[in-house]
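Peer 1: Kindly generate the corresponding structure for this input.
(chains A and B)
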There are 2 protein chains.
Amino acid sequence: MGKEIERKFLVGSDGWRAAATSSQRIVQGYLTQGHGVTVRIRIFDDTRAVLTIKVGGMTLSRDEYEYEVPLADGRELMAHAGSRVLEKRRHAVPFAGRDWEVDVFEGRHAGLVLAEIEMESEDAAVSLPDWLGDEVTGDQRYYNSALAGA
Amino acid sequence: MGKEIERKFLVGSDGWRAAATSSQRIVQGYLTQGHGVTVRIRIFDDTRAVLTIKVGGMTLSRDEYEYEVPLADGRELMAHAGSRVLEKRRHAVPFAGRDWEVDVFEGRHAGLVLAEIEMESEDAAVSLPDWLGDEVTGDQRYYNSALAGA
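Peer 2: Predicted coordinates:
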């Protein structure tokens, strides 16, 4: 079990690109969402599949259980997600001693860029890079599940 | 992925007990059920936890994905199932070359005994032992999820 505590921002400029150290393509689909339980399947770079069960409401922190599963299972589970799928490229961007993740969405959400930072506690101090736009932590419109139409 | 094809019966007598070769205690809880996706956590003999994602409707066959997870995760997921939990002892009962499973329910369903047989195809020939009662395959009242109140 892991507690997921994170802040999320729109990205206002391309200033992060020079600092990005790596990237991977993520396809993620939702088998079910709502009723307190989310079942998500993600495929990373078309080589690795991870199943996630999220339990608890739409709050800043929640219980999250992640398990790597065979890629073949991941592809089948993705098919079961139907149209509740989104695609993005996730870039790792170190800044001020923390690892930011910048998600550049593709497909129907092309143009949307979000930055996330995972924190050790809900009130941890975080230095904000100047390429960030508005904070959207807790804004349900920017949940990946909502973007996927789950 | 596995296709689960099974028939289920009430058990009319204790005739199966002499043939039982082993048993294990199963506690199983449902995190979500309905909307085409079931998330089930099972703990076997308080030592092994298995997460199951079932996709598809309430038909004779469905897609089922099972993953062993750490016991600590299993216990937490079980807690998230709240009251949607049932307990039973499952007995292995070989008969006519097939492995029957006889579930003796405990707690609020004490007195209920169900027998299941897994088949290789929906129309496979199966010899029925004389300790079986009525067939309840497809009867939603006897789904474990329904018994758990999920």
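Peer 1: could you pull out the strands for chain A?
Peer 2: Assignment of strands within chain A using DSSP state E yields the ranges A:2-3, A:6-11, A:22-32, A:37-44, A:48-55, A:63-69, A:85-95, A:98-105, A:113-118, A:132-135.
Peer 1: Among these, which comes closest to B:E120?
Peer 2: Taking C-beta to C-beta as the measure, these were each checked against B:E120, and strand A:63-69 came out nearest at 24.4 Å. Where you see a C-beta, it was placed from the backbone N, CA and C, and this is true even at glycine.
Peer 1: how about the CA coordinates for the closest one, as CSV?
Peer 2: Written as CSV, here are the backbone C-alpha positions of strand A:63-69 (Å, rounded to 0.1, in the frame of the first residue of the first chain):
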residue,chain,number,x,y,z
ASP,A,63,-4.7,4.3,-0.6
GLU,A,64,-3.1,3.1,-3.7
TYR,A,65,-2.1,-0.5,-4.5
GLU,A,66,0.1,-1.2,-7.5
TYR,A,67,1.1,-4.5,-9.1
GLU,A,68,3.1,-5.2,-12.2
VAL,A,69,1.2,-7.7,-14.3
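Peer 1: That strand pairs with which strands, parallel or anti?
Peer 2: Each strand that pairs with strand A:63-69, with its direction, by DSSP bridges: strand A:2-3 (antiparallel), strand A:48-55 (antiparallel).
Peer 1: residues making contact with that strand?
Peer 2: Outside strand A:63-69, the residues that touch it by C-beta atoms under 8 Å, 6 or more residues apart in numbering or on different chains are A:1-4, A:41, A:48-56, A:77, B:51, B:65, B:67, B:69, B:73, B:76-77, B:80.
Peer 1: sorry, back to before: pick the most deeply packed of the strands paired with strand A:63-69.
Peer 2: strand A:48-55 (a mean of 19; mean count of other C-beta atoms under 10 Å in any protein chain shown).
Peer 1: Next, the angle strand B:22-32 makes with that strand.
Peer 2: Regarding strand A:48-55 and strand B:22-32, their directions subtend 80 degrees when assessed with axes from the mean of the first three to the mean of the last three C-alpha atoms, to 10 degrees.
Peer 1: What mean pLDDT does strand A:48-55 get?
Peer 2: The average pLDDT for strand A:48-55 rounds to 95.
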